[in-house]
Each structure stands twice: as C-alpha cells, then as structure tokens.
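In: when you get a sec, could you give me coordinates for this:
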Amino acid sequence: MPTILIVAASPLDQDRLRLSAEVRDIRHALQRSRHRDDWTIESNEAVTLDDFRRALLDHNPVICHFAGHGDAGGLCFEDADGGSANADAASLARLFHHFKSDLKCVLLNACYSDHQAEVIRDEIDYVIGMRRGIHDDPARRFAVAFYDAIFAGTDFRTAFDLGCTALDLNGLPDSDVPVFLSATHLTSSTLSYSAQVPAIERFLYTYYNTPFEERAELTTKGEVLQSTITKHYGEKPHRNINQVRVLSVSRIDDQHSRITVDLSDGLDRGQVTVYLRIKHLDIRVEWEATVGLWSVPPRTFLTLGSSVPVLARVQARLSDRYWGEFSDREREFQAISLQTRDGELIEAYVGRSTADYEPLMAILSDGNQHSLTLELAHVTERRDTPVVTRLLSQNWLCGND
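Out: Numbers count the residues shown, from 1 in each chain. Got it, this is the predicted structure:
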C-alpha cells in the first residue's frame, strides 16, 4: 500500500505555523475519499533532520510532504532544543537519491522552496515547491486540494492544477505561488499556475486539430503565410489530437512565450515546443519560430549558397574546434555547432573580433544547446564554412518575424 510521509517543523525561533491543522486536514481528505483503504499516511511533527532520515527509512514513502518554513538557504527543520536547523538543497537531493525507487513525488509546502525543488528534481520524478512566501491558510488549502485529487486517482500534475484552482475558487491569494517541476530524466518541465494555461490548451487543441492548409488564420501573420504553410507541410498526413497539456511556459517578452506541450492522439504521446503571441485574450502562433523556418532552406544554403545573408533559427552549441585565418575579412574564428529543427547539423564560424562574438560566447559558454536566431553568410567560395554575421535574437523570435 503506498505511503504518504508528512513531516512538519515549526522551530521556536520562527513564526508559528498551524502545521498540526494541515496534517489533520490531509487525514480528513483521505477519510472522505472512496479510496481511503488504498493509502497510508504517516506523520511526524517537530521533526529534526535525523528524525526525517529515519522516517524515510521506516516508511519508504511514495509521496514525501514537508510542511514548515523555508528560504533560499534551505528547508528549516528543528534541532534538539526546538531551534532552527537548515538543510540545503544539495544535501536533501543526496538524501532523496537513496529512496528514489519508491519515492515519486516531493511536496515542499514551505516559502521560497522552489530552489530546493529545482535541485531535488535531479533525483525525484515530480517535485512541488513555492516560488515565494505563501500564507498559512492558502498553503494548507492547496495541500488538501492536492490530496483530494491524488486520493481520487489523478496524476500529480492534475492534482497540482486542482490544488491551485482551489485557491482561486475560494478567493484566496497565492494561487500562482506553487510551482510544479518534473524530473530532468523525464520530460523536464516547470509550470506555475496561471489562468492563461487553460486558454492556451484550448487554443492549441484547436490549432493542432486544424488542417494544415487552414492554420494560417491562427498565426500572427494570417493569410500572408498561407502559401508558405501549404508548401512546408506538403503531403504530410494530419494527426488528430485528443489532448493537449501545457508542460512549461517561458516568457520571452511582454507578448511572446515559449510553450512546451504534451500532445496525445490516444495512441502516442509527444512533446513539442510552440511560440505564441499572447495579447490579453488573443492567442496566435508565431509560426516561423515554431517550425524553425529559415529564410532559405538549410540544404539549399549549403549547396548553392545565397547572395544575401540568411535568417537561421538553430539550436547552437559551442564547438571545441578553432580556426585561424581562412578569410580576408577576419583572421581568427571560433567554431559553433548548429542544429536545424529537422536535425541537420551545420558547423559555422564566428569572427573573434566581431561585435557579436562576446555576446555569443556568453550564451554558449555553459556548454548547453541554446535556441538562437542568427544571420549566416558565406564569406568564401567554400560552402562548408558559413559565418555568423549577426546574433539576431536569444530565442527563435526576432524583428523579422
């Protein structure tokens, strides 16, 4: 039988929290449920760090719930005298590592616990934290609604949504404070509650179930894109989607967002990224950015070249290759690896004395892939040495969109 371990700590040198009421209300949620015999709740209050470690060993929980205080430095447990004893994120992640075969969800019902959640997600499938301070009553209401959903048989993400929605329904603040994170070894996502999420899911459900030749009206450019969209998809078969779920929303600017969604047609599931322009209640797809469209197709550019610089949306990564002089214009170049939306790999070069060299290196120096919009050009007769002439945007949106 799966176990929920609830550990609570409210040290004497911190503001007092009604943690016993939270534990009581979660137990009542289980008692109300039709599946009350399917779960076990174990709770420890006034928990020290050693108490916590032993409780994990004793109960091997599926869900671990911490209720108490937190800050950027860690979660606040109690010491032997009832004072504060902080546990930092890295130490907690190392502890959870030993229980990850059974432990599937960690709920950190504590202020400013999103930092700990971000680190713990490297070990545990699903983690919920709080991205700023949260009041005692909303924190308790969120937890109870979360477990109402879990005991009814929902998944963790749905339970998170319903926990946040419960605060809205009751006119309580802080519904945007909880944040849901899935593990880096799964479909990594980070999502906070927003009234826009249902609207985005409804819009994308319509978009993905609209035939390719009719999608232009749902884009920011409308009918201007009609022929380009028709040519892009060609004879590709249309897939009917029966569920769209937003996994993460990343704001790019005041109007644009990068959305990661999970699509299901009832048989298969898949993760895609879409760029949206959101103006109040009006939502439109930034189509060129979403499909990674180049101003000249990559293969054409590499085979035939182009008389003008090319707009290129790519996944860029720093390469370990370095070139000396191969052009009259620049004497030293750094290589970067570019991947198109279709998976084609291109090696391009950046002049070390150009204005965009330092900004590009600042982005790529972490060794990860980054979505960039670049301007590429051929500066020699060789087609395998395109040069980055401009960094247009640190995402796939730019002024030309």
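In: so who does the spatially closest residue to F151 that is not a sequence neighbour touch?
Out: Residue nearest to F151 in three dimensions, not counting chain neighbours: S33, with 3.7 Å by CB to CB, 6 or more residues apart in numbering. Placement of C-beta: from N, CA and C, glycine included. Residues counted as contacts of S33 (CB atoms under 8 Å, 6 or more residues apart in numbering) are 39, 148, 151-152.
In: buried by neighbour count, from those: which ones?
Out: Neighbour-count burial (16 or more other CB atoms under 10 Å) is assigned, among those, to 39, 148, 151.
In: and those residues as a markdown table, adding pLDDT, distance to A55 and secondary structure?
Out: Output for the buried ones among the contacts of S33, formatted as a markdown table (pLDDT from 0 to 100; distance: CB to CB, whole Å; DSSP: H, G, I helix; E, B strand; the rest coil):
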| residue | pLDDT | distance to A55 | secondary structure |
| --- | --- | --- | --- |
| W39 | 97 | 17 | coil |
| D148 | 97 | 24 | helix |
| F151 | 97 | 21 | helix |
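In: rebuild those as a markdown table, extending it with distance to V310.
Out: Below are these laid out as a markdown table (distance: CB to CB, whole Å):
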| residue | distance to V310 |
| --- | --- |
| W39 | 58 |
| D148 | 54 |
| F151 | 56 |
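In: where's N109 relative to G351, distance?
Out: 52 Å (CB to CB, to the nearest Å).
In: again but with Y357, I slipped
Out: 6 Å.
In: what's the answer for I278, then?
Out: 37 Å.
In: list the buried residues in stretch 287-297.
Out: Neighbour-count burial for stretch 287-297, counted by 16+ other CB under 10 Å, picks out 287-296.
In: now do the same end-to-end measure for that stretch.
Out: 16 Å (CA to CA, to the nearest Å).
In: can you list the neighbours in contact with it?
Out: Under the contact criterion CB under 8 Å, 6+ apart, stretch 287-297 has outside partners 215-216, 219-221, 225, 228-229, 232, 273-275, 301, 306, 310-314, 340-342, 373, 395-397, 400-401.
In: apply 7 Å and report the result again.
Out: If you take CB atoms under 7 Å, 6 or more residues apart in numbering as the criterion, stretch 287-297 is touched by 219, 225, 229, 232, 274-275, 306, 310-313, 340-341, 396-397, 401.
In: among these, which ones are in helices?
Out: Using DSSP state H, 229, 232 are the members of these that sit in helices.
In: which among the contacts of stretch 287-297 count as buried?
Out: Buried among these (16+ other CB under 10 Å): 219, 225, 229, 274-275, 310-313, 340-341, 396-397, 401.
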